[in-house]
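*Asks:* This is a predicted model, with the sequence first.
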Amino acid sequence: MNPDDVKRLIEENLEDAKATVTHPRGTHDEDHLAATVVSPAFEGERLVQQHQLVYDALGDHMTTDIHALELTTYTPEEYAEAEE
């Protein structure tokens, strides 16, 4: 699955999400991806639940098309602080 398709699925299926999806550096396997996702849906959620929300947004693709997904998740406020 290509990064643009993963980005689209996350942004369409997760509340007000903005995603950046790439192939991790040094990885030559098309099934390995890295995603940074910012969404207000993460507010008040533990990291595990934040990741689960992203997996839910990707649905069956997590078990059929994506072998590995390195996730970094932020609330909008956390992302703004990280950018400073």
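*Replies:* That came in fine, so what should we check first?

*Asks:* where along the protein do the strands fall?
*Replies:* Taking DSSP state E to define them, one finds strands in the chain at 18-22, 32-38, 68-74.

*Asks:* Please enumerate the helices of this structure.
*Replies:* Using DSSP state H, the helices assigned to the chain run over residues 3-13, 47-58, 61-64, 76-83.

*Asks:* Out of the ones you listed, which gets nearest to His32?
*Replies:* Closest to His32 of the helices of the chain is helix 3-13 (CB to CB; 10.7 Å). From N, CA and C alone the C-beta is placed, and that goes for glycine too.

*Asks:* Just the buried residues of the closest one, please?
*Replies:* For helix 3-13, the neighbour count (16 or more other CB atoms under 10 Å) marks Pro3, Val6, Lys7, Leu9, Ile10, Glu11 as buried.

*Asks:* Skipping adjacent residues, who's closest to the last one in space?
*Replies:* Distance criterion CB to CB, 6 or more residues apart in numbering; nearest residue to Glu11, sequence neighbours excluded, is Ala17 at 5.1 Å.

*Asks:* Ala57 is in contact with that neighbour, correct?
*Replies:* Yes: using CB atoms under 8 Å, Ala17 is in contact with Ala57, at 7.4 Å.

*Asks:* okay, the strands of the chain, which one's buried deepest?
*Replies:* strand 32-38 (a mean of 20; mean count of other CB atoms under 10 Å).

*Asks:* okay, the helices of the chain in TSV with mean pLDDT next?
*Replies:* Output for the helices of the chain, formatted as TSV (pLDDT from 0 to 100):
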stretch	mean pLDDT
helix 3-13	96
helix 47-58	97
helix 61-64	89
helix 76-83	94
